[in-house]
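A.B. asks: What follows is a predicted protein model with its sequence.
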Amino acid sequence: MAFFSRPPPSQWQATPNCLITNTNGPPGAVYGNQLVHPSQTSEDTVVIRLSKMWGCANPLVLNIPDNAVYVRADWARVAGYSGWTFVPDPAMLARILRALQQLKALKINAPWDAVVPKQTSYSYVFVPFALGDTEITRKSSKGAGIGPNGLLMHMRMSQSQLNVLIPNSQAVPRACGALGQGPPSTFTSYYPPYADFPALQHSCHPYFVIYAAVQHLELRQNLTDAQLQVYSNLRAIVALWDDLKEYPVDVGYGKPGWTPGKRSHHILAQPDGLSAVASGSNIPAKRAAPDNSVDDESLGSYTRYKRE
């Protein structure tokens, strides 16, 4: 698969932080990676299918920020082996399930970005699979306080994290930065099974995250009970997407004047942009990597997201 090249040095500092470590270094090591990344041979089929399931009036475009997650290169590689994934938090999953079930009862579909409107960031849950005894060190800089024995640490840490002197503690906070130079950065180490790993915030859209997470979960055996419950919820969402693709699209869903539980007056029996979908004539041109891109299957399953 094609991986987009490293951003030039001038863009390194502008690169968003890694989802897992919350850092943007070493320089050039954090990339935007596509969550939904079909192969060149299957891209048209996947785009058509998702466009119908997600209520798109026109073929879905994959090279967009909603489909991009920023992670460090080593974490992208491990994701390629389905060593970890992340999913929307329980509240968001319940919200999506409720909205899709309501749409099914009304026998209509609705645009994906109307069911879950775009926002600056969403809350996600880290789901580890095959990370061995990996220590995850994560940065936090949202204020700090003085803890036991004068140790500078993050104020939002749990009591178990604060009691760093207790043997077998699972998270070990470490302070970094000089006093008088703004809030210091606190780094906390997390260990398997990462039960105390914090919620993740990212701007990628839950629909793309769900689609990608299902692919990872279906490759794993011996899921925990909690992971099986998450998988069950995700599969229920995918099943509802599949049911809804047969219904007309309500493009007035969620807009001013729309009444929850009712159809709007803006129903597309056959979205114009998908009317020629059988022939493939309306599918956007395939993503083209820049001339200096590389092909490297070893880098994992995430495809580099091209920042326009």
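C.D. replies: Perfect, thanks for sending it. Numbers count the residues shown, from 1 in each chain.
A.B. asks: tell me the domain boundaries of the protein?
C.D. replies: 2-131+201-304, 135-191 (automatic domain parsing).
A.B. asks: Least confident of those, on average?
C.D. replies: The minimum mean pLDDT among the domains of the chain belongs to domain 135-191 (a mean of 53).
A.B. asks: First-to-last residue distance for it?
C.D. replies: Distance across domain 135-191, first residue to last, is 5 Å (Cα to Cα, to the nearest Å).
A.B. asks: ok, now stretch 120-135?
C.D. replies: End-to-end distance for stretch 120-135, by Cα to Cα: 29 Å.
A.B. asks: what does stretch 58-66 give?
C.D. replies: Taking Cα to Cα, the first and last residues of stretch 58-66 lie 16 Å apart.
A.B. asks: need the contact list for residue 103.
C.D. replies: For residue 103, the contacting residues are 109-110, 115, 240, 244, 247, 250, 253, by Cβ atoms under 8 Å, 6 or more residues apart in numbering. Backbone N, C-alpha and C define where each C-beta goes, glycine included.
A.B. asks: Are we agreed that it is in a helix?
C.D. replies: Yes. Residue state for residue 103 (DSSP: H, G, I helix; E, B strand; the rest coil) corresponds to a helix.
A.B. asks: does residue 60 sit in a helix, a strand or a coil?
C.D. replies: Strictly by three-state DSSP, residue 60 counts as coil.
A.B. asks: My reading is that residue 186 lies in a strand. Confirm?
C.D. replies: Yes. According to three-state DSSP, residue 186 belongs to a strand.
A.B. asks: so it touches residue 139, yeah?
C.D. replies: Yes. Here residue 186 reaches residue 139: they are 7.3 Å apart, a contact under Cβ atoms under 8 Å.
A.B. asks: For the two, indicate the residue with more neighbours.
C.D. replies: Neighbours per residue, other Cβ atoms under 10 Å: of residue 186 and residue 139, the larger number sits with residue 186, 25 against 17.
A.B. asks: how near is residue 79 to residue 100?
C.D. replies: 26 Å (Cβ to Cβ, to the nearest Å).
A.B. asks: more crowded one of those two?
C.D. replies: residue 79 (25 against 21).
A.B. asks: so the more buried one touches residue 71, yeah?
C.D. replies: Yes. Residue 79 is in contact with residue 71 according to Cβ under 8 Å; the separation is 7.0 Å.
A.B. asks: Would you map the strands across the stretch 1-150 of the chain?
C.D. replies: 2-3, 30-34, 68-72, 84-88, 122-128, 136-140, 144-146 (DSSP state E, counting those that start in this stretch).
A.B. asks: quick one: which of these is nearest residue 62?
C.D. replies: strand 30-34 (6.4 Å; Cβ to Cβ).
A.B. asks: Nothing else from me, thank you.
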